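1. Need a 3D model of the sequence below.
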Amino acid sequence: MNAIVKNISGDYRYFNREISWLGFNERVLEEARNMAHPLLERLRFLSISGNNLDEFYMVRVAGLVGQLTQEVEQRSADGRTPAQQLVEIEQLAGELIEDQQKVWHELKEELAQNDIHQVEVDALDQEERNWLEKHFTEEIFPVLTPQALDPAHPFPFIQNKGLSIIFELRRASDRQLVRELVMLPATMDRFIRIPGDKALYLTLESVVTAFAKNLFPGYEVLSSSVFRIIRDSDLELEEEAEDLVRYFRSAIKRRRRGQVIRLETSSEFDDAVALMLEENLLGKGTTKTVIDGFIGMGDLAMLVDEDRPELKFPAFSPRFPERIREHGGDCFAAIRDKDIVVHHPYESFEVVIAFLQQAAEDPDVVAIKQTLYRAGKQSAIIRALIDAAEAGKSVTAVIELKARFDEEQNLYWASALERAGVQVVYGFIEWKTHAKISMVVRREADGFRTYCHFGTGNYHPVTARIYTDLSFFTADPRAARDAAQLFNYITGYVEPEKLELLTMSPRDMRNELMQLIDKEMGNVKKGKPGAIWAKMNSLVDPAIIEKLYTASAAGVQIDLIIRGICCLRPGVPGMSDNIRVKSVVGRYLEHSRIWAFGNGKALPNDKARVFISSADWMPRNFDRRVEYMLPIVNATVHDQVLEQVMLANLLDNEQSWSLDGEGNYTRIKPGKKSFNLHRYFMTNPSLSGRGAALKKSAGVPKLKLFHRSKSGN
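-> Predicted coordinates:
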């Protein structure tokens, strides 16, 4: 028995959640080095990794710092204390930041070779410099407000992700040393582009520094240093909040003044400045780091907007489901005819908007009910609900105020909807409503009929172009009755009874999954195959992980596609021999939640139990969120979800990573059979959306599950 088997009890059974997330962001960063991607797309991946890391500090690290300052010794599932996690995070995040700087250096050289230059002011010719100085004088100088840093001027408040410059100056009149702080407004672009065909970009801080003499006439500029802070940006909900709207309006204001979690500087400050920053910004658990290079990698996204289509992914126009076109664009007729699943972003999110717009305009529609978690800033969904209410229909919108970083936008939408006459409900105080469901009740010749939409992703038109998700439309009366009960549960706390298809959390979902896994173990015991395929964003829940370990030991073959956090250790002898885990990171963000259980046969098969869901396998999704899981019973939709979507995810070997039992991710090498998941769906239409067109065509290429080793190949 080897050392791993001897230690499969206790803390070794799980990967640390925070360390696993940092591993995911490393995989995102690696896509910035992936030469298969166009140059500006690689730059986009670098900026995404920067934004991801900022949010990680704003929420996850902030939570650990909060536990540390409040002396809470709550250990993670893998046995680490908050202090131990913070130490390891700082080491790994430091290595990640160093890698980001290396990638930026490499990409900056490639950008220059393609005539996109990030330069300093002294690299400009006289005409370019004259334009820049005029731009500084007219558009930057009036916005800046230098503040002396001395006993007469209290240290100012600096906003989250705020970039600032400290200048060391000497006054010419009396040779007195002066220290000034200049905060760069968040409303100003981080990069300034010199007009002309030649793409020359300068950072805002370099321009302000270059023209510091214009900002401080009569002073000699001795030195300057840039720094940036990250603040705690999570909102902690008080259990006794009597008015959620009022609470969140004030909580958003408090978040802007959250504790500083991280201080990033461009160089070492002298002792006096360092002490001043420490006294005014740093606290227990706060980290300070010197970054040798570009601070604020997320801002590089602005360079991606350069109009160079040859340096980006080829443009892709999502298809509109042909089955709906065959019914003259009548969504209700198409859904009434047969269930349909729409695969975003390969198929257009416009079909979801069209569904609600048709409901708003149809005089026979009497009611619409809709959950909204994230809807975006320019939402056609909101417009459709407003139009429906103004047309006299009964419209109910469940708006989640606790959707992180969308709270303010959701408050705005809630106000607009209420003004239009929509019944706005905020759901449970202690739970988030994360389920994505729409109901449309329509008066028809044979009575009332309810049309439902169940989504794995948000009703967000922007993310629907880059997130892979499923939209399932049905007129099944069982689904309609279940959806109605779910809405009544959220709006009136009316406990659902005798649900026919849906399973909900926080009531039953974890238990239902346990029973499904038990059935697969029972099949193995009877001499039948036991198989589980599951696709999600994160796997964290210890109870589910333990059940999967038990199933693996019983002989169930388990394949998991976990894009981000995975706390389960796969392939450990004696614990998880039969579990394989892969992560897909590529052009689109894998976001759909799909689960398949062999039901006595090897996967894929037509008798398998297939589910879509709004939930990941995390404690919060099972215990603190309203979620759904829905079985797919329509044969065509079942085939598409299992034999197209899931199988393609398993087969991908161009943008996939395999996880081993020690927490290492290895990029899978294509070998003889190269398969790119995203390219496949961009070039092959889906099954259920094709309708009669499928019969007239050569059909959709059938995927076959060729042999894969435990490494995922």
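
2. show me what contacts F56?
-> Going by Cβ atoms under 8 Å, 6 or more residues apart in numbering, F56 touches E18, W21, L22, N25, A93. (Each C-beta comes from the backbone N, C-alpha and C, glycine too.)

3. I should have written N621 there, sorry.
-> Going by Cβ under 8 Å, 6+ apart, the list of residues near N621 reads H434, S505, M509, D541, A615, E627.

4. Would you mind measuring the gap between the ends of stretch 468-479?
-> From its first residue to its last, stretch 468-479 covers 23 Å (Cα to Cα, to the nearest Å).

5. which parts of it are buried?
-> The neighbour-count check on stretch 468-479 (16 or more other Cβ atoms under 10 Å) flags T468, D469, L470, S471, F472, F473, T474, A475, D476, A479 as buried.

6. okay, those in JSON lines with pLDDT, secondary structure and distance to R42 next?
-> As requested, the buried residues of stretch 468-479 are exported to JSON lines (pLDDT from 0 to 100; DSSP: H, G, I helix; E, B strand; the rest coil; distance: Cβ to Cβ, whole Å):
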{"residue": "T468", "pLDDT": "95", "secondary structure": "strand", "distance to R42": "20"}
{"residue": "D469", "pLDDT": "96", "secondary structure": "strand", "distance to R42": "25"}
{"residue": "L470", "pLDDT": "96", "secondary structure": "strand", "distance to R42": "29"}
{"residue": "S471", "pLDDT": "96", "secondary structure": "strand", "distance to R42": "30"}
{"residue": "F472", "pLDDT": "97", "secondary structure": "strand", "distance to R42": "34"}
{"residue": "F473", "pLDDT": "97", "secondary structure": "strand", "distance to R42": "37"}
{"residue": "T474", "pLDDT": "97", "secondary structure": "strand", "distance to R42": "41"}
{"residue": "A475", "pLDDT": "97", "secondary structure": "coil", "distance to R42": "45"}
{"residue": "D476", "pLDDT": "97", "secondary structure": "coil", "distance to R42": "45"}
{"residue": "A479", "pLDDT": "97", "secondary structure": "helix", "distance to R42": "43"}
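
7. so which two of these are the farthest from each other?
-> By the measure Cβ to Cβ, T468 and A475 form the most distant pair in those, at 25.2 Å.

8. Just the strands from the stretch 151-300 of the chain, written as ranges.
-> For the stretch 151-300 of the chain, strands defined by DSSP state E, counting those that start in this stretch occupy the ranges 163-171, 177-184, 191-194, 199-203, 219-231, 260-265, 287-290.

9. K288 - nearest residue in space that isn't next to it in sequence?
-> Using Cβ to Cβ, 6 or more residues apart in numbering and skipping residues adjacent in sequence, the residue nearest K288 is L263, 4.5 Å away.

10. Distance-wise, check the one you found relative to G162.
-> Relative to G162, L263 is positioned 11 Å away (Cβ to Cβ, to the nearest Å).

11. Overlap in contacts, these two.
-> In contact with both L263 and G162: R228, I229, using Cβ under 8 Å, 6+ apart.

12. Tell me which of the strands of the stretch 151-300 of the chain sits most buried.
-> strand 260-265 (a mean of 21; mean count of other Cβ atoms under 10 Å).

13. Given that one, what are its sheet partners and their directions?
-> Paired with strand 260-265 in the same sheet, following DSSP bridges, are strand 219-231 (antiparallel), strand 287-290 (parallel).

14. can you pull out the helices in the stretch 501-650 of the chain?
-> Remark: helices assigned in the stretch 501-650 of the chain by DSSP state H, counting those that start in this stretch are 509-525, 542-554, 619-623, 635-639, 647-651.

15. Please identify which of those helices is closest to E41.
-> Closest among these, using Cβ to Cβ: helix 647-651, at 21.0 Å.

16. which helices and strands does that closest one pack with?
-> If you count contacts as 3 or more Cβ pairs under 8 Å, 6 or more residues apart in numbering; DSSP states H and E, helix 647-651 packs onto strand 557-562, helix 677-683.

17. Return the alpha-carbon coordinates of the shortest one using CSV.
-> It stands for strand 557-562. Output of strand 557-562 as CSV, limited to C-alpha atoms (Å, rounded to 0.1, in the frame of the first residue of the first chain):
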residue,chain,number,x,y,z
GLN,A,557,-17.2,5.1,-13.7
ILE,A,558,-17.3,8.9,-13.2
ASP,A,559,-16.3,11.6,-15.6
LEU,A,560,-16.4,15.2,-14.4
ILE,A,561,-16.0,18.4,-16.4
ILE,A,562,-15.3,21.1,-13.9
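
18. Name every strand pairing with that strand and say which way it goes.
-> Strand 557-562 has these strand partners (DSSP bridges): strand 531-536 (parallel), strand 579-584 (parallel).

19. For the first one, which outside residues touch it?
-> Outside strand 531-536, the residues within contact range by Cβ under 8 Å, 6+ apart are 517, 520, 548, 551, 556-563, 590, 592-598, 601-603, 608, 615-617, 642, 645-646, 649-650.

20. Now do that strand and helix 509-525, the angle between them.
-> 150 degrees (axes from the mean of the first three to the mean of the last three Cα atoms, to 10 degrees).

21. quick one, helices of the stretch 201-350 of the chain?
-> 204-210, 212-215, 244-255, 271-281, 301-304, 322-326, 331-337, 350-361.

22. Which of these sits closest to V121?
-> Closest to V121 of those is helix 204-210 (Cβ to Cβ; 3.9 Å).

23. related to what we said a few turns ago, reformat the helices of the stretch 501-650 of the chain as CSV; add mean pLDDT.
-> Supplementary listing: those in CSV, determined by pLDDT from 0 to 100:
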stretch, mean pLDDT
helix 509-525, 97
helix 542-554, 97
helix 619-623, 95
helix 635-639, 92
helix 647-651, 94
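
24. which one of these lies closest to T289?
-> With Cβ to Cβ as the measure, helix 619-623 is the member of the helices of the stretch 501-650 of the chain nearest T289 (29.7 Å).

25. Quickly find the element holding R449.
-> Per DSSP states H and E, R449 falls inside strand 447-455.

26. S438: what's it in contact with?
-> S438 touches V352, F355, L356, I368, K369, Q370, T371, C452, H453, Y459, counting by Cβ under 8 Å, 6+ apart.

27. How is it classified with respect to secondary structure?
-> Judged by DSSP: H, G, I helix; E, B strand; the rest coil, the three-state class of S438 is strand.

28. Okay, and the beta partners of it?
-> Bridge pairing for S438 - DSSP bridges - gives Q370, H453.

29. Tell me the spacing between it and F487.
-> 10 Å.

30. ok so, going back, could I get the contacts of S438 as TSV with pLDDT, neighbour count and distance to E408?
-> Formatted as TSV, the contacts of S438 follow (pLDDT from 0 to 100; neighbours: other Cβ atoms under 10 Å; distance: Cβ to Cβ, whole Å):
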residue	pLDDT	neighbour count	distance to E408
V352	94	25	24
F355	96	23	27
L356	95	25	24
I368	96	24	25
K369	96	25	24
Q370	92	27	20
T371	91	28	19
C452	98	23	30
H453	97	23	26
Y459	83	27	18
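
31. out of these, who's nearest L303?
-> Y459 (30.5 Å).

32. Give me the phi and psi for P461.
-> phi -70, psi -20 (degrees, to the nearest 10).

33. oh, I was asking about L501
-> According to degrees, to the nearest 10, L501 has phi -130, psi -50.
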